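K.L.:
Show me the folded form of this:
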Amino acid sequence: MNEDILGLIMANPVVTITMNGTTGSAAALMVKHEIGSVVVLDGDIPIGIITERDIVKQVVKNKDALQKSLKPLISKPLITATSRTSIQKAFEMMLRHRVRRLPIIDRKRLLGIVTDKDLMRWVLRVSYEPEIPSHIKSLIVRPDK
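P.N.:
Below is the predicted model:
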């Protein structure tokens with residue numbers, strides 16, 4: 001299969017938020033776009049990520065968490081890959097760092113994001129090639145495409 005680098009399977013554009021946003025605004029973006037995370041920017045530079053899991057933990061601890069700054073929730077350092085990173089290397093990185101999302105950054109620019117679900121779709125597609133059954137094709141198409 002030709003699609004053995006992240007640049008060919010990444011989602012873009014990436015939903016982002018500035019580091020001055022609130023936890024509630026990050027949650028609202030996730031709901032609006034039906035995603036599980038947003039990348040946090042300082043200007044144009046990706047500095048971290050906030051996930052639905054981060055938000056749920058805070059809300060359980062403090063009912064007012066949605067009105068507060070998201071700065072304390074930002075997962076740092078941001079674990080990233082490039083568009084030329086192999087899919088096998090991405091699996092290794094995600095397991096080593098215990099993350100489910102890899103923002104794709106080339107030359108300090110945020111180009112896309114790859115999630116664990118994107119990698120599962122790739123594995124499923126590869127395992128059925130060259131004849132992908134129709135019931136499998138519907139599973140490997142990204143919902144946002």
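
K.L.:
need the next SSE after whichever strand or helix holds L111, C-terminal direction.
P.N.:
With secondary structure defined by DSSP states H and E, L111 is part of strand 109-115. Next helix or strand after strand 109-115 toward the C-terminus (DSSP H and E): helix 116-128.

K.L.:
now the strands for the chain?
P.N.:
With strands called from DSSP state E, the chain shows them at 16-18, 37-42, 45-51, 101-106, 109-115.

K.L.:
Run a quick neighbour tally on T82.
P.N.:
15 (other C-beta atoms under 10 Å). C-beta: built from backbone N, CA, C; applies to glycine.

K.L.:
which ones are touching it?
P.N.:
T82 makes contact with L6, G7, I104, I105, D106, according to C-beta atoms under 8 Å, 6 or more residues apart in numbering.

K.L.:
tell me what the strand holding L111 is packed against?
P.N.:
In terms of contacts (3 or more C-beta pairs under 8 Å, 6 or more residues apart in numbering; DSSP states H and E), strand 109-115 is packed against strand 37-42, strand 101-106.

K.L.:
Not including adjacent chain positions, what is the nearest residue to G36?
P.N.:
E52 (4.9 Å; C-beta to C-beta, 6 or more residues apart in numbering).

K.L.:
quick one, what contacts the one you found?
P.N.:
A27, M30, G36, S37.

K.L.:
what do you get if the cut-off is 7 Å, keeping everything else the same?
P.N.:
Contacts for E52 (C-beta atoms under 7 Å, 6 or more residues apart in numbering) come out as M30, G36, S37.

K.L.:
ditto for G7
P.N.:
Counted by C-beta under 7 Å, 6+ apart, G7 has contacts S83, R84, I104.

K.L.:
Name the member of those with the most neighbours.
P.N.:
I104 (26 neighbours).

K.L.:
mind checking how far stretch 131-145 is from the chain centre?
P.N.:
20 Å (C-alpha atoms, centre = their mean, to the nearest Å).

K.L.:
for stretch 109-127, same thing?
P.N.:
10 Å.

K.L.:
Extract the residue ranges of this structure that are flagged as low pLDDT.
P.N.:
Filtered on pLDDT under 70, the chain yields the residue ranges 1-3, 143-145.
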